[in-house]
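Undergrad: Predicted structure and sequence below. I'll ask about it afterward.
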Amino acid sequence: MKRKLFAVVLCLITACALFTFAGADEAEDTMTLTLQQSVDYALENSAAIKLSHTAVEKAEVGYKEAKSAYDKADKAGGLSREDRMLMSSQMIFENYKMTEGYYKEMADMGRTLAEKGREQTIETVKMAVQSAYFNLLFAQDKAEIQRSILDSAKKDMDIAGKKYELGMVSQVDVLSSEAALESAKLGYNTATRDLEYQRMSFNKTLGLPLKTEVGLTDSLTFEEPPGADIEEEVTLALQNRYEVIAAKEQYRVNELNHKLTLGWYPENTFVTRQARYDMESTHQSLVNAEQDVELSVRKAYMDMQSAYDSIGVLSKNVERLQKAYDIARLRYDTGMATSQEVVNALNALNDIKLQHLQAVHGYNLARIQFEASSGIGIAAAAGGAGVAAPGGF
């Protein structure tokens, strides 16, 4: 008897333990995140950032090897007569470039760009997370608006049906309410599917399993644009942006190559002219990069201001159309308006609410774009870590 009782107790303990572990696993699949927590999580777990660390280490090794070769060549004091006789003129010229520090400078450029590339990767991941967070908030709020539209359509359908039974409205009113209800169902179903997609997209951006349940604690709100001296922002961008730094580094190396080539070959040779072309081409690339960066900063500032201005206009329109709907609703209840008039007023109100939500969403994205525009910038081809486009905007 005691053995049987012990076995029963043991089974119960085991079952409770399994239930507890299963509950713990399920809890681990649910995450509640602020915007900053989302960014921190992605920065800590990003595969792209880890690869950028490796790229920096690789570039550092390359620079050390190039510097070591330069130091050895400098101590040797040049090639001996026997070595020159065994080498082609091109090999001798390449050795000359090495002793003059050309390859060391190239490796230094590689090291600089790897370090800046790592900074840009970090900024790209950060921007992608912020964008994905706002996209998910937008999808949540849009789904909520569509749910309220569906609820209103159901109520209107019930009212129209009851009034029709009492002979207070025509069948046209009922058909109009039915059409509005079907449209509301379609809008709600579309919004919920988009919400599911944005949730999976957000999870992918953070490096989470796609089906992870996430809860966002921040909300889609807006503040006044940051006070900024646009000329100062442009100056900072020209100093910090990766595109400009890369163009400057390439021009510096090509300028040195042209100088060394011109000191070794006659000016009318192909190799000298090629070196000159490379130098002039990269100088033009630098000019273009600086202009593109300046334009991008100014454009980001204008987009942010325009998005903010649109919020104010749409907020007032929401108030106006809310009053128009309330009036239409009252007139319908007193028999002075048709259900179609109510449906039209409600559709106009819902459309402007969605436009207002889109404007707030667009402003948040425009703001983070502007704030990032004077820093290292984001990668042009970010792949999965790029800035997501506004959903439905």
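TA: Received, thanks.

Undergrad: and the helix or strand where residue 237 lies, what other elements does it pack with?
TA: Secondary-structure assignment from DSSP states H and E places residue 237 in helix 230-240. Taking 3 or more C-beta pairs under 8 Å, 6 or more residues apart in numbering; DSSP states H and E as the contact definition, the neighbouring helices and strands of helix 230-240 are helix 270-333. Every residue, glycine included, has its C-beta placed from N, CA and C.

Undergrad: Which strands and helices lie in contact with the helix it packs on?
TA: Of the remaining helices and strands, those touching helix 270-333 by 3+ C-beta pairs under 8 Å, 6+ apart are helix 230-240, helix 242-262, helix 339-373.

Undergrad: looking at the ones you listed, which is closest to residue 104?
TA: Comparison of these against residue 104 by C-beta to C-beta identifies helix 242-262 as nearest, at 10.2 Å.

Undergrad: Tell me the buried residues in the closest one?
TA: By neighbour count, and taking 16 or more other C-beta atoms under 10 Å as the criterion, the buried residues in helix 242-262 are 242-258, 260-262.

Undergrad: Give me the below-cutoff pLDDT ranges for the stretch 201-350 of the chain.
TA: Low-confidence regions of the stretch 201-350 of the chain, defined here as pLDDT under 70, do not occur.

Undergrad: cutoff 90 now
TA: Low-confidence regions of the stretch 201-350 of the chain, defined here as pLDDT under 90, cover residues 222-228, 263-264, 267-268, 329, 331-344, 346-347.

Undergrad: re earlier: out of the helices and strands packed on helix 270-333, which gets nearest to residue 214?
TA: Residue 214 lies closest to helix 339-373 among the helices and strands packed on helix 270-333, at 17.9 Å (C-beta to C-beta).

Undergrad: How many residues are close by the closest residue in space to residue 159 that isn't next to it in sequence?
TA: Across the structure, with C-beta to C-beta, 6 or more residues apart in numbering as the measure, the residue nearest residue 159 apart from its sequence neighbours is residue 177 (7.9 Å). Counted with other C-beta atoms under 10 Å, residues neighbouring residue 177 total 26.

Undergrad: Name the surrounding residues that touch the helix holding residue 237.
TA: Residues outside helix 230-240 that contact it (C-beta atoms under 8 Å, 6 or more residues apart in numbering) are 244, 290, 293-294, 296-298, 301, 373-377.

Undergrad: Now which of those would you call buried?
TA: Taking 16+ other C-beta under 10 Å as the criterion, what is buried in these is 244, 290, 293-294, 296-298, 301, 373-377.

Undergrad: any chance you could map the strands in the stretch 101-250 of the chain?
TA: If you assign secondary structure with DSSP state E, counting those that start in this stretch, the strands in the stretch 101-250 of the chain sit at 213-216.

Undergrad: Please, where are all the helices along it?
TA: Along the stretch 101-250 of the chain, the stretches classed as helices by DSSP state H, counting those that start in this stretch are 102-165, 171-206, 230-240, 242-262.

Undergrad: Make CSV from the buried ones among the contacts of helix 230-240 and add distance to residue 104 to it.
TA: Formatted as CSV, the buried ones among the contacts of helix 230-240 follow (distance: C-beta to C-beta, whole Å):
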residue, distance to residue 104
244, 23
290, 27
293, 29
294, 32
296, 33
297, 34
298, 38
301, 40
373, 34
374, 32
375, 29
376, 25
377, 28
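
Undergrad: Which single one of these is nearest to residue 320?
TA: Using C-beta to C-beta, these come closest to residue 320 at residue 301, 29.9 Å.

Undergrad: ok now do that closest one, which residues does it touch?
TA: When contacts are counted by C-beta under 8 Å, 6+ apart, residue 301 is found next to 228, 230, 233, 370, 373.

Undergrad: Kindly list the main-chain dihedrals of the first one?
TA: The phi/psi pair for residue 228 (degrees, to the nearest 10) reads phi -140, psi 140.

Undergrad: Neighbour-wise, give me the winner out of the contacts of residue 301.
TA: Using other C-beta under 10 Å as the neighbour test, the contacts of residue 301 are led by residue 370, with 25 neighbours.

Undergrad: isn't residue 254 right up against residue 284?
TA: No - when contacts are counted by C-beta atoms under 8 Å, residue 254 is not listed as touching residue 284 (11.4 Å).
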